[in-house]
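Student: Generate coordinates for the sequence data below:
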Amino acid sequence: MGLLVTAVLLVTTCGSPAIRISPEPVTTAVGGTAPTERTPKTTSVAVPSTQPATDPEHIKFERISLEQGLSQSSVFCILQDNRGFMWFGTEDGLDRYDGHNFAVYKPVPGDPNSLTQNSVRALYEDLSGDLWIGTGTGGLDRLDRDRGQFIHYQYDPQDPHSLSHNSVQVIYQDREGVLWIGTAGGGLNRFDREKERFIRYQAAPYGFYSLSNDAVWAIYEDREGVLWIGTDRGL
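Tutor: Alright, predicted model coming up:
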């Protein structure tokens, strides 16, 4: 038996059971208010431990596209949350898929609680279950899932403790619970959750121990607790 990969939805390793969200006819909800979150529909697909998951003869792909309710064909980031929902950041909105339907979140004119910008470049669920959304030019959003509202964090030139740049490319939480935000031009941000403010780390002229470049694309904490930062000028 081969490995079934549902478009961008699933990656499995050899010997592990695969969880596949079944593609079915979907409907789309557009707006800032979250629809009811029902339990995602999943079915288990067994992957034999004797079959390498990377064997090209036993990998199949299923496509999910605009016809099934995806908001836009350019998908930048993917996340499965702790409730089982799949989230997709696209060039034209934030999509949530429950195995039955797509819910699409977009900016709504006149609604300050809607998504701040269409282009979603980064997704992260923190240890508290909060969903963080990085946008191309609109800054950082946090989804209040109980109220279905988005809280916005944006660059303010008058506030040195605001987000350093509105192009958010990567979000990461370390083992101590600290949230880090990498931007395309403003460097690295450390979020102080208690004070609701950001501490900035940026490249300094002739600063050997400063950040190497202000375009931050990747963040990772290794087993020793060292934080690695990928930039336009190396690590």
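Student: Can you get me the start-to-end distance on stretch 98-105?
Tutor: 14 Å (Cα to Cα, to the nearest Å).
Student: Buried residues, it. List them.
Tutor: Asp98, Gly99, Asn101, Phe102, Ala103, Val104, Tyr105 (16 or more other Cβ atoms under 10 Å). Backbone N, C-alpha and C define where each C-beta goes, glycine included.
Student: Of the residues you listed, which belong to strands?
Tutor: Using DSSP state E, the subset of the buried residues of stretch 98-105 located in strands is Phe102, Ala103, Val104, Tyr105.
Student: wait, the third one sits on Ser71?
Tutor: Yes: in this structure Val104 lies within contact range of Ser71 using Cβ atoms under 8 Å: 4.5 Å.
Student: Out of the ones in strands among the buried residues of stretch 98-105, which two are the most distant from each other?
Tutor: Phe102 and Tyr105 (10.3 Å; Cβ to Cβ).
Student: picking that back up, let's have the ones in strands among the buried residues of stretch 98-105 in a markdown table, adding distance to Cys77 and pLDDT.
Tutor: Converted to a markdown table, these look like this (distance: Cβ to Cβ, whole Å; pLDDT from 0 to 100):
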| residue | distance to Cys77 | pLDDT |
| --- | --- | --- |
| Phe102 | 16 | 92 |
| Ala103 | 17 | 93 |
| Val104 | 15 | 95 |
| Tyr105 | 14 | 96 |
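Student: need the contact list for the residue nearest to Thr231 when sequence neighbours are not counted.
Tutor: Spatially, and ignoring its direct neighbours in sequence, Thr231 is nearest to Asn213 (3.9 Å; Cβ to Cβ, 6 or more residues apart in numbering). Asn213 makes contact with Ala203, Thr231, Asp232, Arg233, Gly234, according to Cβ atoms under 8 Å, 6 or more residues apart in numbering.
Student: Alright, calling it a day.
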